[in-house]
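Visitor: Below is the sequence, then the predicted model.
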Amino acid sequence: MSQGKWKQSAPRIILAFIATLAIVSTVLLITLKATIFNQEYMITQSKTSGYVAEITKDINDYIQDNARASNIPPEVVKDSVKEDLVQQNVSSFIRAIYTDVPYRLVGTDAIRNNLNQSIETYAKEKKLDITDNETKTNIQHFVDESVTVFERYVAIPTFRTFAKQLISYNKQFVMIIILSGIFSLLLLIGLVLVSGRYLHRRLRYLAYTFAGSGLMLIVLPTILYKSNQIDHLAIHSKALYSFITIYLKNALLLVIHLGIGCVVVGVLAMIMSEILRRRVSR
């Protein structure tokens, strides 16, 4: 490329590069808004990641351990808490912290009834007397502790604190996305204007911009996804570990898919540019 042509093309190349970075930033911001700031996405991930199934198992295991400590055979209170009840409470908890409304635990009466009925049925089968005050007190303490365990697993305090701090910046975040989108659009319009009067040339620089944005959105998240860095997060709870790792991986996959979309737009623009160029050159 001659020095004259380079000077002529330099503003377009620089503007295309800046527009590429702006598009990448906008897409990343939109991805964050669609994932971390989205309660429905969070609820969906709690279902698909196996998080609810895992904490349901943990709750029931904990209740059985408490039963053993209270001289109640663990099998008597097996599966006292159902998965659909846990899912209902997890969904309500997530919606509560995202909408900043008080969270109320539901289904505790059902848990108490299940436990009491299971213990009473067992006592009748074994002809045991559980009517004395001490036994009643012990059973009541066991049932109350079981409900407390249920609430502890469903309503995670650290998650509530993190989410509330995050949501407090929601309006500012939306404004940043809007400004980033407007800035990207203005850069694309400027790129079209400085690319000359030929449509094929304008499409070619737009193709460079979208293809470059797409490659950035594909390559970097793919490297992070394949590096297994997410799998090395130090989270002691197996259920929470599965939830967060799958949540982050799916967010990365969303970025990659959006990157592929940008590449497709870039390729289509390049094809159209080449078709128009050949028509002009005839």
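Guide: Yep, that arrived.
Visitor: In this protein, where is pLDDT below threshold?
Guide: Applying pLDDT under 70 to the chain flags residues 1-8, 157-158, 280-282.
Visitor: Helices of that one, start to end?
Guide: 3-35, 39-48, 51-69, 83-99, 108-126, 133-154, 157-167, 170-194, 199-226, 238-281 (DSSP state H).
Visitor: Dump those to a markdown table, plus mean neighbour count.
Guide: For the C-beta atoms, the positions are set from N, CA and C on the backbone; glycine is no exception. Formatted as a markdown table, the helices of the chain follow (neighbours: other C-beta atoms under 10 Å):
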| stretch | mean neighbour count |
| --- | --- |
| helix 3-35 | 16 |
| helix 39-48 | 17 |
| helix 51-69 | 19 |
| helix 83-99 | 18 |
| helix 108-126 | 15 |
| helix 133-154 | 16 |
| helix 157-167 | 13 |
| helix 170-194 | 15 |
| helix 199-226 | 19 |
| helix 238-281 | 17 |
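Visitor: can you list those in JSON lines and add distance to Glu75?
Guide: Below are those laid out as JSON lines (distance: least, C-beta to C-beta, whole Å):
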{"stretch": "helix 3-35", "distance to Glu75": "41"}
{"stretch": "helix 39-48", "distance to Glu75": "29"}
{"stretch": "helix 51-69", "distance to Glu75": "8"}
{"stretch": "helix 83-99", "distance to Glu75": "19"}
{"stretch": "helix 108-126", "distance to Glu75": "9"}
{"stretch": "helix 133-154", "distance to Glu75": "15"}
{"stretch": "helix 157-167", "distance to Glu75": "32"}
{"stretch": "helix 170-194", "distance to Glu75": "47"}
{"stretch": "helix 199-226", "distance to Glu75": "43"}
{"stretch": "helix 238-281", "distance to Glu75": "23"}
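Visitor: among those, which is nearest His232?
Guide: helix 238-281 (9.4 Å; C-beta to C-beta).
Visitor: still on that earlier bit, ok, which of the helices of the chain comes nearest Val76?
Guide: Comparing these by C-beta to C-beta, helix 108-126 comes nearest, at 4.6 Å.
Visitor: how close does Phe17 get to Leu29?
Guide: 19 Å (C-beta to C-beta, to the nearest Å).
Visitor: And for Ser184?
Guide: Ser184 is 10 Å from Leu29, by C-beta to C-beta.
Visitor: Hmm, Arg204 and Arg12 touching each other?
Guide: No. If you go by C-beta atoms under 8 Å, Arg12 and Arg204 don't touch, sitting 9.6 Å apart.
Visitor: any shared contact partners between these two?
Guide: Ser195 (C-beta atoms under 8 Å, 6 or more residues apart in numbering).
Visitor: domains of this protein?
Guide: For the chain, automatic domain parsing gives the domain ranges 3-43+171-281, 52-163.
Visitor: Setting aside sequence neighbours, what's the nearest residue to Tyr208?
Guide: Ala16 (5.3 Å; C-beta to C-beta, 6 or more residues apart in numbering).
Visitor: what's the answer for Phe37, then?
Guide: Per C-beta to C-beta, 6+ apart, closest to Phe37 is Asn170, 5.9 Å.
Visitor: Do I have it right that that neighbour meets Ile36?
Guide: No. Counting by C-beta under 8 Å, Asn170 does not reach Ile36; the two are 10.2 Å apart.
Visitor: residues in contact with Ser242?
Guide: Ser242 touches Ser49, Gly50, Tyr51, Glu54, counting by C-beta under 8 Å, 6+ apart.
Visitor: Same check on Arg204?
Guide: With contact set as C-beta under 8 Å, 6+ apart, Arg204 has these partners: Ser195, Ala269, Met270, Ser273, Arg277.
Visitor: go on, Ser180?
Guide: Residues near Ser180 by C-beta under 8 Å, 6+ apart: Ala22, Ser25, Thr26, Leu29.
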